[in-house]
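Student: Dropping a prediction and its sequence here:
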Protein chains: 2
Amino acid sequence: MSSTPEHGAHTPPTELRPWPLARSEAGPDLQVCRARFDWLTNPRTGKLMMRTVLETPDWVNVVALDAERRLILVQQFRFGTSTMTTEIPGGMVDRGEFHGDAAKRELREEAGHTSERWTYLGSVQPNPAFQDNICHHWLAEDASLTHPQDLDSGEDIAVVAWDLEQVRAGIVDGRIRHALVLTALARVFDLRPFEGRGLST
Amino acid sequence: MSSTPEHGAHTPPTELRPWPLARSEAGPDLQVCRARFDWLTNPRTGKLMMRTVLETPDWVNVVALDAERRLILVQQFRFGTSTMTTEIPGGMVDRGEFHGDAAKRELREEAGHTSERWTYLGSVQPNPAFQDNICHHWLAEDASLTHPQDLDSGEDIAVVAWDLEQVRAGIVDGRIRHALVLTALARVFDLRPFEGRGLST
């Protein structure tokens, strides 16, 4: 599936070699993840180096559309950026839990919505450079409010429903800018901001 | 810009309150980031809780297209997932460096390519839940190989150029699945996999 450009004398190695692991050491528990320190040898240089890996549970999020094709969004204070964000519902997949069940649980707990129409949208690597987890994306159509919110003590979440023009405006002006929200939305909508048109489904 | 769905008795708070910060404490340096522990009060419950923030430098990546509109990709072993990945060139923005200069530097260092046609594609939050950084996306058109690779001791990178059909196939089959690569590509290409068609620019 791959072709190399005409690199002439600059052609880099196309046969990548694995990095031998010398040892691995547990690091501090950071709530959202656990650090691990791996000592690996760079096969290109032969140099041994320590690299940090953040062992992180898998995540899931949900593109939930109601009967009017409005997107169900959750707004909350985020500790990393110290800002209020607008995101799609999502969270951690519990140990032993099927990610599709986690998607239904998070949509119900965070937004009080349920759906009978679920489609798996695949998964992405949040950051393969130093996280070992993946994030699953699900689509829920004809979602409706059927439950009260069920928030844990670490959450304070507002729920809004935006039509697709509002979603597009929110992406263009940066109110919707969580990378994993955008990777999920990109599997359902054309997110290109430079086309001078709204989202098309 | 937002409208609340008809939530009846279940209507959640639409006025989100800030979380008062009681104290903040430096945590371990993890190479790729530095941990910080914040104690905040949930305004909904009044409960004080500690939250981990990973202080992380800003990142940048580049959608680089050559004169044949092939996408320049880098393949490398990633320590987080312990897998070989296919990504677009990118990396950390150095302290005091303009992210646009970092984009040009990473394209040249990782892939040996330069370009005279640069367009800023905006930024995303890699993970506002526990990271404080943003990732900038740049588009480089008519990119060409002008330099040898300039890799640091922690890198072993192969460069490939894929046409847009190969890119689409790579996204659909999961060979291209780094979230920040996909958020950058989504600003240039329609990534919807369920349309039975190739990427359109």
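Tutor: Cool, the structure landed. Numbering: from 1, shown residues only, chains lettered A, B, ... in the order given.

Student: Name the residue closest to the centre of chain A, please.
Tutor: Note on chain A: the residue nearest the mean C-alpha position is residue A:180, at 3.0 Å, using Cα atoms, centre = their mean.

Student: That residue should be in a helix, yeah?
Tutor: Yes. Checked against DSSP: H, G, I helix; E, B strand; the rest coil, residue A:180 lies within a helix.

Student: Isn't it up against residue A:90?
Tutor: Yes. Assessed by Cβ atoms under 8 Å, residue A:180 is found in contact with residue A:90 at 7.3 Å. Where you see a C-beta, it was placed from the backbone N, CA and C, and this is true even at glycine.

Student: Return every residue with contacts to both of these two.
Tutor: Between them, residue A:180 and residue A:90 share these contacting residues under Cβ atoms under 8 Å, 6 or more residues apart in numbering or on different chains: A:59, A:61, A:135.

Student: helices or strands up against the top helix by length along chain A?
Tutor: Longest helix of chain A, by residue count under DSSP state H: helix A:99-111. Using 3 or more Cβ pairs under 8 Å, 6 or more residues apart in numbering or on different chains; DSSP states H and E, the elements in contact with helix A:99-111 are strand A:59-66, strand A:71-78, strand A:90-92, strand A:113-114, strand A:117-124, strand A:135-145, strand A:157-162.

Student: I'd like the mean pLDDT over the longest one, please.
Tutor: In this model, strand A:135-145 has an average pLDDT of 98.

Student: again, but for the third one
Tutor: Strand A:90-92 shows a mean pLDDT of 98.

Student: cool, the first one as well?
Tutor: Averaging the model's pLDDT scores along strand A:59-66 yields 98.

Student: And for it, what's in contact with it?
Tutor: By Cβ under 8 Å, 6+ apart, strand A:59-66 touches A:71-72, A:87-93, A:99, A:102-103, A:106-107, A:111, A:113, A:115, A:121, A:126, A:133-144, A:161, A:180-181, A:184-185, A:187-188, B:5.

Student: rerun that using 7 Å as the cut-off
Tutor: A:71-72, A:88-93, A:99, A:102-103, A:106-107, A:111, A:113, A:115, A:126, A:133, A:135-141, A:143-144, A:161, A:180-181, A:184-185, A:188, B:5 (Cβ atoms under 7 Å, 6 or more residues apart in numbering or on different chains).

Student: Tell me the one among the shared contacts of residue A:180 and residue A:90 nearest to residue A:192.
Tutor: residue A:61 (21.1 Å; Cβ to Cβ).

Student: So residue A:38 versus chain B, what's the distance?
Tutor: Distance, residue A:38 to chain B, using Cβ to the nearest Cβ, to the nearest Å: 6 Å.

Student: Run the chain-centre distance for stretch A:137-145.
Tutor: 17 Å (Cα atoms, centre = their mean, to the nearest Å).

Student: and what of stretch A:101-120?
Tutor: Its chain's C-alpha centre and that of stretch A:101-120 lie 16 Å apart, by Cα atoms, centre = their mean.

Student: Check stretch A:91-101 too.
Tutor: 14 Å.

Student: got it, and stretch A:72-90?
Tutor: Distance, centroid of stretch A:72-90 to centroid of chain: 13 Å (Cα atoms, centre = their mean).

Student: For it, which residues meet the burial criterion?
Tutor: In terms of neighbour count (16 or more other Cβ atoms under 10 Å in any protein chain shown), stretch A:72-90 has its buried residues at A:72-81, A:85-90.

Student: Identify the residues contacting the residue nearest to the centre of chain A.
Tutor: Contacts of residue A:180 (Cβ under 7 Å, 6+ apart): A:61, A:126, A:135, B:179.

Student: cool, and residue A:156?
Tutor: Residue A:156 touches A:76, A:77, B:16, B:42, B:43, B:44, counting by Cβ under 7 Å, 6+ apart.

Student: 8 Å - rerun?
Tutor: A:76, A:77, B:13, B:16, B:17, B:19, B:42, B:43, B:44, B:45.

Student: So which of those wins on neighbours?
Tutor: Compared across these, residue B:19 has the highest neighbour count, 23 neighbours, by other Cβ atoms under 10 Å in any protein chain shown.

Student: Give me the contact list for stretch A:112-119.
Tutor: A:64, A:66, A:72, A:89, A:100, A:103-104, A:107-108, A:138-150, A:159, B:7, B:10, B:12.
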